[in-house]
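Student: model the structure of this input:
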Amino acid sequence: MTEFSTRGMTAAQFRKASAEAAQRAKFVAAFTGCVVILATLPIQGWVTMLVMGAIHGAYPAVAAIGYGTSVLFVLGANLLVGFTRRLFRK
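Tutor: Numbering: from 1, shown residues only. This is a model prediction of the structure:
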């Protein structure tokens, strides 16, 4: 019997298979989201560093930051957004 075959299944087996498929789909979506966030983190840090450097060039009072600091800023911003979403979730 394949994963998508429903012949010969009782109603309870069908419900269980459907629940497992839904759980698997949720896991794949969450895992894909985590991979995308981790993959874009270095690019976001690099862009943040460039933006802060440009602002520093225009306004010397603004400190220029390095790559490591900008990555930490991006991580902090992502955490802040996540906590805010969780706080205001319905």
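
Student: what helices or strands is the helix ranked longest in the chain leaning on?
Tutor: When the chain is parsed with DSSP state H, its longest helix is helix 11-58. Applying 3 or more Cβ pairs under 8 Å, 6 or more residues apart in numbering; DSSP states H and E, one finds that helix 11-58 contacts helix 67-87. In this view, the C-beta of every residue, glycine as well, is placed from N, C-alpha and C.

Student: show residues contacting the helix it packs on.
Tutor: For helix 67-87, the external contacting residues (Cβ atoms under 8 Å, 6 or more residues apart in numbering) are 37, 41-42, 44-46, 48-49, 52, 65.

Student: buried residues, that helix. List them.
Tutor: Residues 70-71, 73-74 are the ones in helix 67-87 that count as buried (16 or more other Cβ atoms under 10 Å).

Student: figure out how far it is from the centre of its chain.
Tutor: Distance, stretch centre to chain centre, for helix 67-87: 11 Å (Cα atoms, centre = their mean, to the nearest Å).

Student: tell me the mean pLDDT over that helix?
Tutor: The pLDDT scores in helix 67-87 average 94.

Student: before we move on, what about stretch 50-64?
Tutor: Model confidence over stretch 50-64, given as mean pLDDT, is 93.

Student: residues contacting Cys34?
Tutor: By Cβ under 8 Å, 6+ apart, no residues touch Cys34.
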